[in-house]
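Student: Need coordinates for the below:
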Amino acid sequence: MSGAAPQQIWTGSLRSDNYEQTTGELCAVYSDGTKKFCCLGVACEAYGLTYDERLGYDRQVSVLPYSVAAWLLGLDATQIGDSARDPLVDMPLDYVDRDEARYYLRCTALNDEHHFTFHQIADMVDYFGVVADYYGDV
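Tutor: This is a model prediction of the structure:
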């Protein structure tokens, strides 16, 4: 996948069937050594980070590290705001209330609240792309 755009690398990883899905945290490690990931945990893996059971990914266990958010969204990591750490699917908002969109279209909401599969999340990202929360502080 070298030369592929970060979002393509991420969606390829989501579709790979190499990751079991969980909710509420980037990565969950079970007593038998099994690891499960949320969709943003898969982004961390695709970026090349290794999960540490004590420290998470770059000291993050439930939100996307700044470095991964910057890579995924094509932003400068030194200027990225907190809102970019939970990207939105970039669906046109002509018929969707802004506040509803901020909830329903967040990648974590698709994974944790709406129980989209990794393949469904990848389809949404491939079709619409993802962006920083354009109503936030980026």
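
Student: mind listing what's buried in stretch 105-112?
Tutor: Leu105, Arg106, Cys107, Thr108, Ala109, Leu110, Asn111, Asp112 (16 or more other Cβ atoms under 10 Å). No exception for glycine: its C-beta is placed from N, CA and C like everyone else's.

Student: Please enumerate the strands of this protein.
Tutor: 20-21, 27-29, 35-37, 88-89, 130-131 (DSSP state E).

Student: which regions of the protein sit below the pLDDT cut-off?
Tutor: Low-confidence segments of the chain (pLDDT under 70): 1-3, 77, 79-104, 132-138.

Student: Let's see that with 90 instead.
Tutor: Scanning the chain for pLDDT under 90 picks out the ranges 1-4, 58-70, 72-110, 124-125, 127-138.

Student: which residue lies farthest from the center of this structure?
Tutor: Asp32 (25.5 Å; Cα atoms, centre = their mean).

Student: Look up how far Cys38 lies from that residue.
Tutor: According to Cβ to Cβ, to the nearest Å, Asp32 stands 19 Å off from Cys38.

Student: For the residue nearest the centre of the chain, give me its contacts.
Tutor: With distances taken as Cα atoms, centre = their mean, Leu40 lies nearest the centre of the chain, 2.9 Å away. Contacts for Leu40 (Cβ atoms under 8 Å, 6 or more residues apart in numbering) come out as Leu26, Val63, Leu64, Val68, Asp86, Cys107, Thr108, Asn111.

Student: Which two among those residues are spaced furthest apart?
Tutor: Put simply, by Cβ to Cβ the two of the contacts of Leu40 set farthest apart are Val68 and Asn111, 15.1 Å from each other.

Student: from the strands of the chain, which stretch is densest packed?
Tutor: For those, average neighbour numbers computed from mean count of other Cβ atoms under 10 Å are highest in strand 88-89, which has a mean of 22.

Student: in terms of contact, does Gln60 touch Leu26 like I think?
Tutor: Yes: between Gln60 and Leu26 there is a contact under Cβ atoms under 8 Å: 6.7 Å.

Student: who has more neighbours, these two?
Tutor: The neighbour comparison of Gln60 against Leu26 (other Cβ atoms under 10 Å) goes to Leu26, with 26 against 20.
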